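Colleague: just the structure for this:
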Amino acid sequence: MHDTRILLAHGNGGRYMRELIAGVFARHLGNPLLDTDADAVHLPALDGPTLLTTDGFTVQPLEFPGGNLGSLAVHGVVNDLAVCGAAARFLTLSAIIEEGLEVALLDRLVASFAAAARSAGAVVAAGDTKVVRRGEGGGVYFSVAGLGVLEAATPLGLTRIAVGDVVLVSGPVGDHGVAVMLAREQFGLSGDLSSDSASVLPLARAVWNQPGLKFMRDPTRGGLATVAHEIARATGCDVALAQDEIPVRDSVQSVCEILGYDPYFLACEGRIVAVASAESSDAILAAWQGLPGGEAATAIGHIEAGPGRVTLRTALGGKRVLDELEDDPLPRIC
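Modeller: As a prediction, this is how the structure comes out:
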């Protein structure tokens, strides 16, 4: 491509669009399955039950410490499959691009998307591009679908959770939310915190077949507290969390105290929240702690009989109820 910025002509179906697809998308995503001249693709037969997910991704800024829209989009879909017991095999990518976006920036995002997909063992099988007028988008949006094969032998689900089970988290919470917030430079704050954006497939695969594992979720929008509310609603039990046990980096806690945010409601993009029987929780934590990204894995609470609340035992020994999130503290975060 000779153009330095996206034009409306890059979405008109003609030469400019062909050059965009060939020069950016196919160059990075190209593989034997990706046929840019076809309307659909034939997938090879898969060797097990399949799971399907889809998600849209919008983040500002498009590049942030520890990642960018491209890697974030892959991780989001791969992680949704992983916490359900499946490994992603095929992805699709639909890009909604705003007129005026720098082609070099788009190239970096697509290159990052391709690298993250390869790292996760997934093939990009199909895609699409659209261009919207200047001012009608946020630079670029990615919409991604993922098809995975179920590998977990242990069935996972909210219905398996019982009183006495233990709540686990694979690492510190709130990193992604604060890293993106600092990258926006809206509040005169700066720092070197990186997003936790990463594939959780290795962490999930390490514990899929633990017999006492009941449930897993990746705490993205709404963070840890929102996953806890999902558990409380589904089970009708209380989710009792302990502030002293929840890993939160000092830098994250400091930013939250300055700006009045609660780290438990901030997005994570490379963590797992799990529920397991008390007998199996130590084995799951040991498996996570032996892997990159899981070194700080810990038990953070348990399931109690109750009316379906989420409570937090504070560092001073008191207890407060964590109400369900209503406002969006950090829009356009993932």
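Colleague: tell me the contacts of the closest residue in space to residue 206 that isn't next to it in sequence?
Modeller: Excluding its sequence neighbours, the residue lying closest to residue 206 (Cβ to Cβ, 6 or more residues apart in numbering) is residue 287, at 4.4 Å. Heads up, the C-betas are built off the backbone N, CA and C, glycines and all. Neighbour list for residue 287: 206, 207, 210, 294 [criterion: Cβ atoms under 8 Å, 6 or more residues apart in numbering].
Colleague: pLDDT at residue 1, what is it?
Modeller: Confidence at residue 1, expressed as pLDDT, is 65.
Colleague: actually residue 185, sorry about that
Modeller: 76.
Colleague: any idea how far residue 137 is from it?
Modeller: 21 Å (Cβ to Cβ, to the nearest Å).
Colleague: ok, residue 225 next?
Modeller: From residue 225 to residue 137 the distance is 31 Å (Cβ to Cβ).
Colleague: do the same with residue 99
Modeller: According to Cβ to Cβ, residue 99 and residue 137 sit 8 Å apart.
Colleague: same check, this time on residue 222
Modeller: Relative to residue 137, and taking Cβ to Cβ, residue 222 is found at 24 Å.
Colleague: could you do residue 173 as well?
Modeller: 30 Å.
Colleague: ok, these two, which is more surrounded?
Modeller: Per other Cβ atoms under 10 Å, whichever of residue 173 and residue 137 has more neighbours is residue 173, with 28 against 18.
Colleague: looking at it, the more buried one is touching residue 222, isn't it?
Modeller: No - assessed by Cβ atoms under 8 Å, residue 173 is found out of contact with residue 222, at 11.4 Å.
Colleague: from the contact counts, what lies against the strand ranked longest in the chain?
Modeller: Assignment by DSSP state E gives strand 86-98 as the longest strand of the chain. Applying 3 or more Cβ pairs under 8 Å, 6 or more residues apart in numbering; DSSP states H and E, we find strand 86-98 packed against helix 69-82, helix 103-119, strand 123-132, strand 140-150, helix 201-207.
Colleague: among the ones you listed, show me which one is buried the most.
Modeller: helix 69-82 (a mean of 28; mean count of other Cβ atoms under 10 Å).
Colleague: give me the helices and strands touching that one, please.
Modeller: Using 3+ Cβ pairs under 8 Å, 6+ apart, helix 69-82 sits against strand 50-57, strand 86-98, helix 103-119, strand 140-150, helix 201-207.
Colleague: and the ones you listed: which comes nearest residue 243?
Modeller: helix 201-207 (23.5 Å; Cβ to Cβ).
Colleague: circling back: residue 27: which of the helices and strands packed on helix 69-82 is closest?
Modeller: Across the helices and strands packed on helix 69-82 (criterion: Cβ to Cβ), the nearest stretch is helix 103-119, sitting at 8.2 Å.
Colleague: could you give the angle of that closest one to strand 86-98?
Modeller: 170 degrees (axes from the mean of the first three to the mean of the last three Cα atoms, to 10 degrees).
Colleague: dump the contacts of residue 287 into a markdown table; add distance to residue 150 as well.
Modeller: Formatted as a markdown table, these follow (distance: Cβ to Cβ, whole Å):
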| residue | distance to residue 150 |
| --- | --- |
| 206 | 16 |
| 207 | 15 |
| 210 | 16 |
| 294 | 22 |
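Colleague: farthest pair in those residues?
Modeller: 210 and 294 (13.8 Å).
Colleague: more crowded one of these two?
Modeller: residue 294 (23 against 19).
Colleague: so the more buried one makes contact with residue 203?
Modeller: Yes - here residue 294 reaches residue 203: they are 5.4 Å apart, a contact under Cβ under 8 Å.
Colleague: what is in contact with these two at once?
Modeller: With Cβ under 8 Å, 6+ apart as the test, residue 294 and residue 203 both reach 170, 288.
Colleague: domains for the protein, by residue range?
Modeller: What automatic domain parsing lists as the domains of the chain is 8-150, 158-321.
Colleague: quick revisit: I'd like the helices and strands packed on strand 86-98 written out as a markdown table, with mean pLDDT and distance to residue 30 added.
Modeller: Listed next are those as a markdown table, based on pLDDT from 0 to 100; distance: least, Cβ to Cβ, whole Å:
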| stretch | mean pLDDT | distance to residue 30 |
| --- | --- | --- |
| helix 69-82 | 98 | 16 |
| helix 103-119 | 98 | 9 |
| strand 123-132 | 96 | 9 |
| strand 140-150 | 97 | 17 |
| helix 201-207 | 97 | 23 |
